[in-house]
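In: Model the following, please.
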Amino acid sequence: MKVLLVEPQRGRDWGPHQQYLGLLRIGNYHQCLGDDVEYVFSPNKPKTIDYPDNSGDVTYERDNNGNVKTLTAGNVIHRYEYNNQNLLEEEQLYIGTQLPLTLKYTYNDLQQNSHLSYPDGTVVNFKPNSFGEPTEAQTYKGTTVALSFAKSATYYANGLLNSFTYGNGVKHETTIHSDSLLPKQLKDTGPSGSNLPSTVMSLTYDYDNNANVTSINDGQNSAYSLTDLQYDGLDRLTSTTGGSGIGSSSLRYDGFGNITYYQSKGKTLDYTYDYAKNRLSKVTGVSGRYGSIRYDDRGNIEYNGAYSLDFNAANQLTTAKGNSYLYDGHNRRVKQTDGNGTSYSMYSQDGMLLYREKGNIITGNGTNYIYLGKKLIAKYGNVTPQSVDESRQHSRPFGETIEAPKDDVGYTGHKFDTDLGLSYMQARYYDPVIGRFYSNDPVDFSGHQASGNAVHGFNRYAYANNNPHKFIDPSGEEPIGINVGGGFTFFGKGSASSMILFDSDTLELAYGGNNELGGGAGKGVGLFWNAVWTSDDVTIDDFGGYGLALSGSGSIVNGSIGLPASHHGVDAARDIFNGKREPTEGIIREFGLSLGVGAEAGITGTYGEVYKTDVLADIVTGVRAWFE
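Out: Okay, the predicted model is just below:
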């Protein structure tokens, strides 16, 4: 079978594949004419990836349970060991002839991660609670605490970190909005009698009905507060109003989601695009950079107006400005040589940066990155101490710092390379000055469509759906966000939820809000996440209007069946949303997971509103017309 994938940013991609029962076994993927990438799957999981220049070739070896035992990419090798519960116990990273870097994991009787041993031998104890959430990050000598990074951690019922105390006595607290459960305030308070300020950090957040951040009040220094953030109908940031320190911003976009105008504190940028390929060609407003931008055949920026960049066939940046870079089989950078010398990095199997070491030879005298769950809380080892004021950094909307940038982990937890002026985000490099990636998104349009991000995922270079205060991009692929629903049953039943809807026939995308109220049996309260599917005759408009719903939930499952009685569509004020349809009858089904207490069931009256857009259909129609 031959597949032709055409993306104007990348070129024409040909791929003859052999398929069995719909599963790719072996085949060739052509990034551009003459460049074959061969994938071999056995069984149903990657075995080898062979690139034409051999620089990024990857080989997988697995155990009988399908766990990766060895991952080889050139002279970079990962080795993994698992226990009889298929939990990772040890991972080793070999980089050329260097000594291996080793991480070791220990689990308690509930199979929860209780300890992590770093390459330098530091062992951090997490003391997980009954839900597996770490309550501390401390090292021990016998039964005595030797080093404390965090202790006394507590959590909300939805798993959000509530409070903990740093090793220096600073107490962190997170309060949440009772209706949306979104963070309301993040506050760090210095201990009394110390030389630390009483308010080390205080940020208060407000949101609109789409969970977009509308204000960020800086209680430590109001000059860096953002009092009014505005968005368009696609939830893209269009303006911010800020204090004298952070300044105000204004942004404009084209129909493809590209930034065309970006004004921020002391800086105004104008963007020009080659719309034949939807590629950025230049940006004015920055001296000595972006005057002429060129791409290679795979859609990577090979010249940004200041220096050249070389990418291999795996789309990995290998050299730039005289620097060189080396990657593992996960596409994570493990070695870099630049103006600061040579350094090595080790990421955990799930992608967290845990260790960095500077020097030509690995000795074990490096820096450990300490986490409380997913939150980076400390660096330990070969670290230069900084005062509170020295460590502060404030950012423009897309991550460019107001203060001088630092060659360290920074914006959204990613390593910033000061010599390149880019953030390394694992899958891609990101430029915070212009708010764009330098390479195509590894997650293609169909992948974004499957994850409910079809409209914003169509743009191959945009960062975080052009909404950087709501979304982050943890691996340089697709953004993540928040979707929350909740309900109760106490002699009556009620719930409220929000959903993203996609019609595969019409390519309509919509946001829906739904409320239920009625009778119920049992007692329960909780949060839920459901998948939604419908009978064939149901359209997006059918989610709006009145109806009946049957639902029930236990401790770990939740499900409901909707029986609409009448429907109506809702027109939005913005031109981009349009149209009504005549209502149809049908059944809307939901099934998923719930987190809460109690079991219940009930029948409720429902009312929903739907705001929809044809922008995706218009884009696809335009792209098709362009190729016809």
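In: And G266, how close does it get to T418?
Out: 20 Å (CB to CB, to the nearest Å). From N, CA and C alone the C-beta is placed, and that goes for glycine too.
In: higher neighbour count, the two?
Out: T418 (15 against 8; other CB atoms under 10 Å).
In: thought the more buried one was touching K406?
Out: Yes. Counting by CB atoms under 8 Å, T418 touches K406, with 7.0 Å between them.
In: For stretch 160-178, output the C-alpha coordinates as CSV.
Out: C-alpha atoms of stretch 160-178 as CSV (Å, rounded to 0.1, in the frame of the first residue of the first chain):
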residue,chain,number,x,y,z
LEU,A,160,-3.1,18.7,43.0
LEU,A,161,-0.3,19.5,45.3
ASN,A,162,-1.6,21.5,48.2
SER,A,163,1.3,22.4,50.5
PHE,A,164,4.8,21.4,51.6
THR,A,165,7.8,22.9,53.3
TYR,A,166,11.2,23.3,51.6
GLY,A,167,14.4,22.3,53.3
ASN,A,168,15.2,25.9,54.1
GLY,A,169,11.9,26.4,55.9
VAL,A,170,10.0,28.2,53.2
LYS,A,171,6.4,26.9,53.1
HIS,A,172,4.6,26.5,49.8
GLU,A,173,0.8,26.6,49.6
THR,A,174,-1.6,26.3,46.7
THR,A,175,-5.2,27.3,47.1
ILE,A,176,-7.8,26.4,44.4
HIS,A,177,-11.1,27.9,43.1
SER,A,178,-13.9,25.9,44.6
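In: List the buried residues in that stretch.
Out: Neighbour-count burial for stretch 160-178 flags 161, 164-167, 170, 172-174, 176 (criterion: 16 or more other CB atoms under 10 Å).
In: Could you do stretch 221-230 as well?
Out: 224-226, 229.
In: And the strands in the stretch 351-500 of the chain?
Out: 353-358, 367-372, 375-381, 415-417, 422-424, 429-431, 436-437, 486-490, 493-503 (DSSP state E, counting those that start in this stretch).
In: Quickly, which of the ones you listed bottoms out on average pLDDT?
Out: Mean pLDDT is lowest for strand 486-490 among these, at a mean of 46.
In: quick one, what contacts Y155?
Out: Under the criterion of CB atoms under 8 Å, 6 or more residues apart in numbering, the neighbours of Y155 are 129, 131, 133, 161-162.
In: The same query, at a cut-off of 10 Å, please.
Out: Y155 makes contact with 129, 131, 133-135, 161-164, 174, 373, according to CB atoms under 10 Å, 6 or more residues apart in numbering.
In: Tabulate those residues in JSON lines, adding columns for distance to T97 and pLDDT.
Out: Below are the contacts of Y155 laid out as JSON lines (distance: CB to CB, whole Å; pLDDT from 0 to 100):
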{"residue": "N129", "distance to T97": "43", "pLDDT": "97"}
{"residue": "F131", "distance to T97": "43", "pLDDT": "95"}
{"residue": "E133", "distance to T97": "40", "pLDDT": "97"}
{"residue": "P134", "distance to T97": "36", "pLDDT": "98"}
{"residue": "T135", "distance to T97": "41", "pLDDT": "98"}
{"residue": "L161", "distance to T97": "41", "pLDDT": "94"}
{"residue": "N162", "distance to T97": "47", "pLDDT": "96"}
{"residue": "S163", "distance to T97": "46", "pLDDT": "97"}
{"residue": "F164", "distance to T97": "41", "pLDDT": "97"}
{"residue": "T174", "distance to T97": "46", "pLDDT": "96"}
{"residue": "G373", "distance to T97": "36", "pLDDT": "94"}
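In: for these, which one is nearest N466?
Out: For the contacts of Y155, the closest approach to N466 (CB to CB) belongs to T174, at 26.4 Å.
In: Partner strands of the helix or strand where that closest one lies and their direction?
Out: Here T174 sits within strand 171-176, counting by DSSP states H and E. Applying DSSP bridges to the sheet, strand 171-176 is found paired with strand 161-166 (antiparallel), strand 183-189 (antiparallel).
In: rewinding a little: just flag the most distant two among the buried residues of stretch 221-230.
Out: By the measure CB to CB, Y224 and L229 form the most distant pair in the buried residues of stretch 221-230, at 13.8 Å.
In: Now do the shared contacts for these two.
Out: With CB under 10 Å, 6+ apart, Y224 and L229 have common neighbours 216, 242.
In: Now for the closest residue to Q85 other than its chain neighbours, how many residues are close by?
Out: Spatial nearest neighbour of Q85, chain neighbours left out: Q111 (5.6 Å); criterion: CB to CB, 6 or more residues apart in numbering. Neighbour count for Q111, taken as other CB under 10 Å: 12.
In: same thing with Q386?
Out: Counted with other CB under 10 Å, Q386 comes out at 10.
In: and if you look at N86?
Out: 11.
In: Just give the nearest non-adjacent residue to it, would you?
Out: Nearest one to N86, counting by CB to CB, 6+ apart, is N65 at 5.5 Å.
In: do the same with Y344
Out: That would be E357: by CB to CB, 6+ apart, it lies 5.0 Å from Y344.
In: Same question for S292.
Out: Looking at S292 with CB to CB, 6+ apart, the closest residue is G305, at 5.3 Å.
In: can you check I361 too?
Out: Q98 (6.9 Å).
In: any idea which helix or strand carries that neighbour?
Out: Applying DSSP H and E, one finds Q98 in no helix or strand.
In: thought it was touching P119?
Out: No. If you go by CB atoms under 10 Å, Q98 and P119 don't touch, sitting 11.3 Å apart.
In: what is in contact with the two at once?
Out: With CB under 10 Å, 6+ apart, Q98 and P119 have common neighbours 344, 357, 362.
In: List just the nearest of the residues you listed to N258.
Out: Y344 (36.5 Å).
In: surely the closest one meets K358?
Out: Yes. Using CB under 10 Å, Y344 is in contact with K358, at 8.0 Å.
In: The two: which has the busier surroundings?
Out: Higher neighbour count among Y344 and K358: Y344, with 23 against 13, using other CB under 10 Å.
In: Quick one: residues contacting that one.
Out: 93, 95, 98, 101, 119, 326, 333-336, 355-362, 366.
In: give me that answer again for 6 Å
Out: The contact partners of Y344, by CB atoms under 6 Å, 6 or more residues apart in numbering, come to 335, 357, 362.
In: From T319, how far out is the closest residue to G96 other than its chain neighbours?
Out: Closest residue in space to G96, ignoring its immediate chain neighbours: N75 at 4.8 Å, by CB to CB, 6+ apart. To T319, N75 is 17 Å away according to CB to CB.
In: Double-check V334 against Q316; I have them as touching.
Out: No. Contact criterion CB atoms under 6 Å: V334 and Q316 do not qualify, at 11.3 Å.
In: Pull the number of nearby residues for N209.
Out: Neighbours of N209 (other CB under 10 Å): 9.
In: D109 too?
Out: Applying other CB under 10 Å, I find that D109 has 6 neighbouring residues.
In: What's the per-residue pLDDT of it here?
Out: At D109, the pLDDT recorded in the model is 95.
In: May I ask which helix or strand encompasses it?
Out: Applying DSSP H and E, one finds D109 in no helix or strand.
In: Let me see the backbone angles for it.
Out: D109 adopts backbone torsions of phi -70, psi -20, taken as degrees, to the nearest 10.
In: so what's R333 up against?
Out: 325, 327, 424.
In: Quickly list what the last one is bridged to.
Out: This points to Y424. The partner residues for Y424, given DSSP bridges, come to K415, Y429.
In: show me where pLDDT drops low in this structure?
Out: 1-35, 410-412, 441-458, 472-628 (pLDDT under 70).
In: So F126 versus Q85, what's the distance?
Out: For F126 relative to Q85 (CB to CB), the value is 18 Å.
In: Mind checking which of these two has more residues around it?
Out: F126 (24 against 8).
In: That one: what's it in contact with?
Out: With CB under 6 Å, 6+ apart, F126 has these contacts: 114, 134.
In: Now do it against A137, distance only.
Out: Relative to A137, and taking CB to CB, F126 is found at 6 Å.
In: now swap in E357 and tell me
Out: E357 is 21 Å from A137, by CB to CB.
In: Fine by me, thanks again.
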